[in-house]
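Enquirer: predicted coordinates and the sequence they were generated for:
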Amino acid sequence: MKFAKRFVVAVFLIYLLPALASAGLWAMKEHPTGYRNARWSSAGILPEAKADNPAAIYVYSAMTGGLKGSIASHAWIVTKQEGAARYERYDKVGWGTPIRRNAYPPDAYWYSNMPRRVLELHGEEAARLIPKIEKAIEDYPYGKPGGYHIYPGPNSNTFVAHVLRSVPELGVVLPPDAVGRDYLPNGAFIHVADDWKDISLSLGGLLGVSAGVRSGFELNFLGLVAGFDVVNPGIKIPGLGYFGTGYQLGV
């Protein structure tokens, strides 16, 4: 009985209280009333593709819309071949063609929310990894109509997390508010990175633990993630997100 009480108290303090605080902060801000009223234009973060000559890879994340925007974000991938005149953006969404290509500007606001940079890579390494990214996108097992479930996944973040796991050289994981990132495709319970630098255990994206160079140490409870990072020092607070050096807003 004591253990059960302590468990409930720990869940409340570590997961529910921060999530409620995040929801309260969200409620105090102004938000678009719907999809049509939201801003989807470029945030002006990226240079024109023609002016960004080297090959490039970006991963962005932004808080999403509606009440879920108080605790959950949406992630996408942007690539550009050397000398290319345009960027290529890839999103997984729940409407239309599941994996959307160039449906929005590469650095667009998402439901009026500013993008956060998760990854930026240029030059020869980016050129080497772009084919691997394209192969991972092609191999994503939920890329067809019907392959989207907003919670606990597979959703937009499941898609980007799949690409990051498939190309571990990218060296990052999605922010803790990327609900759905811990849903392992094809019903897998465990994922060990090809370079052995990260390991994840997950029960359908609802409960899990991750540890390693990229993840730090994380505990997932019902999609909410708490943990800490050592390589990029910071803490991960459910709902409120990441506080440290790992992710940058509007850069």
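Expert: Nice, I can see it.

Enquirer: for the nearest residue to residue 202 once chain neighbours are set aside, which residues make a bridge with it?
Expert: If the residues on either side of it in the chain are set aside, residue 202 comes closest to residue 208, at 3.6 Å by Cβ to Cβ, 6 or more residues apart in numbering. For the C-beta atoms, the positions are set from N, CA and C on the backbone; glycine is no exception. Residues in a beta bridge with residue 208, per DSSP bridges, are residue 202, residue 220.

Enquirer: now residue 76: which helix or strand?
Expert: Per DSSP states H and E: residue 76 is located in strand 73-80.

Enquirer: all strands for the stretch 51-200 of the chain, in order.
Expert: Counting by DSSP state E, counting those that start in this stretch, the stretch 51-200 of the chain has strands at residues 56-63, 73-80, 88-92, 99-101, 116-122, 190-192, 198-203.

Enquirer: can you give me the helices for this structure?
Expert: Counting by DSSP state H, residue ranges of the helices within the chain are 2-11, 17-27, 124-139, 156-166.

Enquirer: residue 109 is nearest to which of those?
Expert: Closest approach to residue 109 among the helices of the chain is made by helix 156-166 (15.4 Å; Cβ to Cβ).

Enquirer: next, count neighbours for residue 195.
Expert: 12 (other Cβ atoms under 10 Å).

Enquirer: pretty sure residue 184 contacts residue 207?
Expert: No. Using Cβ atoms under 8 Å, residue 184 is not in contact with residue 207, being 11.9 Å away.

Enquirer: of the two, who's got more company?
Expert: Per other Cβ under 10 Å, whichever of residue 184 and residue 207 has more neighbours is residue 184, with 23 against 15.

Enquirer: quick one: the closest residue to the more buried one other than its chain neighbours from residue 186, how far?
Expert: Once flanking residues are discounted, residue 184 sits nearest to residue 202: 4.9 Å by Cβ to Cβ, 6+ apart. Using Cβ to Cβ, to the nearest Å, residue 202 is found at 12 Å from residue 186.

Enquirer: just to revisit the earlier point, out of the strands of the stretch 51-200 of the chain, which is the most enclosed?
Expert: Stretch with highest mean neighbour count among the strands of the stretch 51-200 of the chain: strand 73-80 (a mean of 26; mean count of other Cβ atoms under 10 Å).

Enquirer: paired strands for that one, with orientation please.
Expert: Paired with strand 73-80 in the same sheet, following DSSP bridges, are strand 56-63 (antiparallel), strand 88-92 (antiparallel).
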